[in-house]
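Undergrad: Here is a sequence with its predicted model. Questions after.
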Amino acid sequence: MILAQQLILGLLVGGLYGLAAAGLSLTFGVLRVLNVAHGDLLMLGGYVTFWLFSLWHVDPFLSLAAVAPSLFFLGLILYCVLFRFVVRAREEVRIKNSLLIGFGLTLVFQILAIQFFTADERSVTTAYGGEAIKIAGLAIPLVRLASVVLAFLVLAALQIFLNRARWGRAIRATAEDWEAASLMGIPVGRAYLWAFALGTALAGVAGGLVSVSYSISPTIGLEWTLKALIVTVLAGLGSLFGSFAGGLLLGFAEAGSGLLLGGAYREAVGLGLFLIILITRPQGLFGSR
């Protein structure tokens, strides 16, 4: 019973891993840049949700309607000011330069967060925060379940946008072959801009959901960037729902190992999965060669 309870909780946190990884996967898959400040964007989304709830009592799930556009706009600024110069370089240079920019942004965001919000951990505590659904003796926290369902719906909406909307198809074409897309008349620079902003918005939504179930602080960025990287490698590029499934797998593995081997081995198991998949199936579980 204890094992089953922990595995359920692991799956619930895995849904947030998947949402966080989807934004990173979209950005890297289209632009071929690795934004290691992705977790810090998630942290900012969490703070926006927290302050909307603390100052104006906006329900954290409703506040996502403000978090997503805010982080989308921030993504537009970051791309125009910093990353649009990176994507002009060759792919190897893109990754190297984006890493440098990402580490710089991580330091800037952390310092600003400490300056304005202090280093204290914060979380959103709602009136329904302690509610749970009991099934066969297992307690499923209502807030965490709602977070996973909402994460799934967000990814479904994004998948529909990428498959059916004009700019969504343009982003997919650019990800496949930017030179061919450019020859077909697609404005590749604008497709890059949209993809980066959407990835940033996904990070913000993930941060808002994290603030409801877990605590946030200025230093959580690196941890969530690492989780997103692990899930991206597990799932492979090209599938948003593959990222969601990879997140569930990582959460499941962490929960099982934490109970069977001890909490100290939770992170080690995730990194072990990362290395095994990277060696045996570099394209990921759901990616294509």
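TA: In hand now; what should we look at?
Undergrad: Need the contact partners of the strand or helix carrying Leu145.
TA: According to DSSP states H and E, Leu145 maps onto helix 142-164. Contact partners of helix 142-164, identified using CB atoms under 8 Å, 6 or more residues apart in numbering, comprise 9, 11-13, 15-16, 18-19, 22, 26, 61, 64, 126, 128-129, 131-133, 167-169, 171-172, 198, 202, 205-206, 209, 212-213, 240-241, 243-244. Every residue, glycine included, has its C-beta placed from N, CA and C.
Undergrad: again, but for stretch 45-55
TA: Contacts for stretch 45-55 (CB under 8 Å, 6+ apart): 58-60, 63-64, 66-67, 70-71, 113, 117, 122-124, 126, 203-208, 210-212, 216, 220.
Undergrad: hmm, 7 Å instead?
TA: 58, 60, 63, 66-67, 70-71, 113, 117, 122, 124, 203-208, 210-211, 216 (CB atoms under 7 Å, 6 or more residues apart in numbering).
Undergrad: Please apply the same query to stretch 268-288.
TA: Residues outside stretch 268-288 that contact it (CB under 7 Å, 6+ apart): 230, 233-239, 242, 245-246, 250, 253-254, 257, 289.
Undergrad: are any of those buried, and which?
TA: Among these, those buried by neighbour count (16 or more other CB atoms under 10 Å) are 230, 233-239, 242, 245-246, 250, 253-254, 257.
Undergrad: Of these, which pair is most distant in space?
TA: Gly238 and Ser257 (28.1 Å; CB to CB).
Undergrad: shaky segments in the stretch 151-289 of the chain?
TA: 238, 261-264, 287-289 (pLDDT under 70).
Undergrad: Quick one: neighbours of the closest residue to Val58 other than its chain neighbours, just the number.
TA: Counting by CB to CB, 6 or more residues apart in numbering, Val58 lies nearest to Leu52, which is 4.2 Å off, once chain neighbours are set aside. Residues within reach of Leu52, counting by other CB atoms under 10 Å, total 21.
Undergrad: ok, Leu52 to Pro60 distance?
TA: For Leu52, the distance to Pro60 (CB to CB, to the nearest Å) stands at 8 Å.
Undergrad: again, but for Ile160
TA: Applying CB to CB to Ile160 and Pro60 gives a distance of 25 Å.
Undergrad: now Leu198
TA: Separation of Leu198 from Pro60 (CB to CB) stands at 21 Å.
Undergrad: rewinding a little: with only the CA atoms kept, save the helix or strand just after the helix holding Leu145 in PDB.
TA: Going down the chain from helix 142-164, the next helix or strand is helix 166-176, by DSSP H and E. Extracted as PDB, the C-alpha positions of helix 166-176 are listed here (Å, rounded to 0.1, in the frame of the first residue of the first chain):
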ATOM      1  CA  ARG A 166      -0.600  28.200 -39.900                       C
ATOM      2  CA  TRP A 167       2.300  29.300 -37.600                       C
ATOM      3  CA  GLY A 168       2.300  26.000 -35.900                       C
ATOM      4  CA  ARG A 169       3.000  24.200 -39.200                       C
ATOM      5  CA  ALA A 170       5.600  26.800 -40.000                       C
ATOM      6  CA  ILE A 171       7.400  26.000 -36.700                       C
ATOM      7  CA  ARG A 172       7.300  22.300 -37.500                       C
ATOM      8  CA  ALA A 173       8.600  22.800 -41.000                       C
ATOM      9  CA  THR A 174      11.400  25.000 -39.600                       C
ATOM     10  CA  ALA A 175      12.300  22.300 -37.000                       C
ATOM     11  CA  GLU A 176      12.500  19.700 -39.800                       C
END
